[in-house]
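**Student:** sequence and predicted structure below; questions after.
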Amino acid sequence: MSRSAVPPVPSAPSAVTARRLRGFTGAGYDKGRGLLTQVAWFAVLNLVFVKWWCPPRLRPALLRAFGARVGDRVLIRHRVRVQWPWKLTIGDDVWVGEDAWLITLEPISIASDVCVSQGAVLCTGSHQRRSPTFEFDNGPIRLEPGAWVAARAMVLRGVTVGAGAVVGAGAVAHRDVPAGTVHTTGGTR
């Protein structure tokens, strides 16, 4: 086929939302605590919680001190970031690996016997793509008993990962993952 015989590429949809980010209001997002508590958590997070020298058994206590509900025998490795601990619930016997990021604009609930592996991201925040001012479109995340969010996987806002389900390494869970299934970059089975 000659170069001139190549069919034209279809054009993009004509309805494009013009962004006007200056008008962003942040409506509907409540941080849940006052500025002083936010600043205190930010200091503790960055000066102690994420550090390699902070004992893993101290991290659950620090989260509890800032309002998180954390069960027994919870292992949280170094470099784990938690946006707002007062919006976090963790059951018993949970592991959270290095570099995991729990973005708690809305609540994150992690049941017992769950593993959140290295570099995984649980992100409760998003934006309304058709909103000119890009307003929030946040939603809670729930990981049910025995779930596993593997290395560098991502769970997006409003998603429930069912009991015993797996979000495979590098996969993005943008909708619920049924109990006992495996969601990978190739789909859910």
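**Tutor:** That came through fine. If you're wondering where the values come from, they're calculated on a predicted model, not measured in any experiment.

**Student:** got the contact list for residue 54?
**Tutor:** 48, 78 (C-beta atoms under 8 Å, 6 or more residues apart in numbering). All C-beta spots, glycine's among them, are computed from the backbone N, C-alpha and C.

**Student:** how about a cut-off of 6 Å?
**Tutor:** By C-beta atoms under 6 Å, 6 or more residues apart in numbering, the contact set of residue 54 is residue 48.

**Student:** from memory residue 50 sits against residue 76, does it?
**Tutor:** No: the pair residue 50 and residue 76 does not pass the contact test of C-beta atoms under 6 Å, sitting 10.1 Å apart.

**Student:** looking at those two, which one has more neighbours?
**Tutor:** Between residue 50 and residue 76, counted using other C-beta atoms under 10 Å, residue 76 has the larger neighbour count: 25 against 18.

**Student:** any idea what the more buried one is bridged to?
**Tutor:** When bridges are called by DSSP bridges, residue 76 pairs up with residue 96.

**Student:** residue ranges for the helices of this structure, please.
**Tutor:** 35-44, 58-65 (DSSP state H).

**Student:** ok, residues contacting the shortest one?
**Tutor:** So the one you mean is helix 58-65. Residues from elsewhere that reach helix 58-65 (C-beta under 6 Å, 6+ apart): 49, 70, 74, 76, 85.
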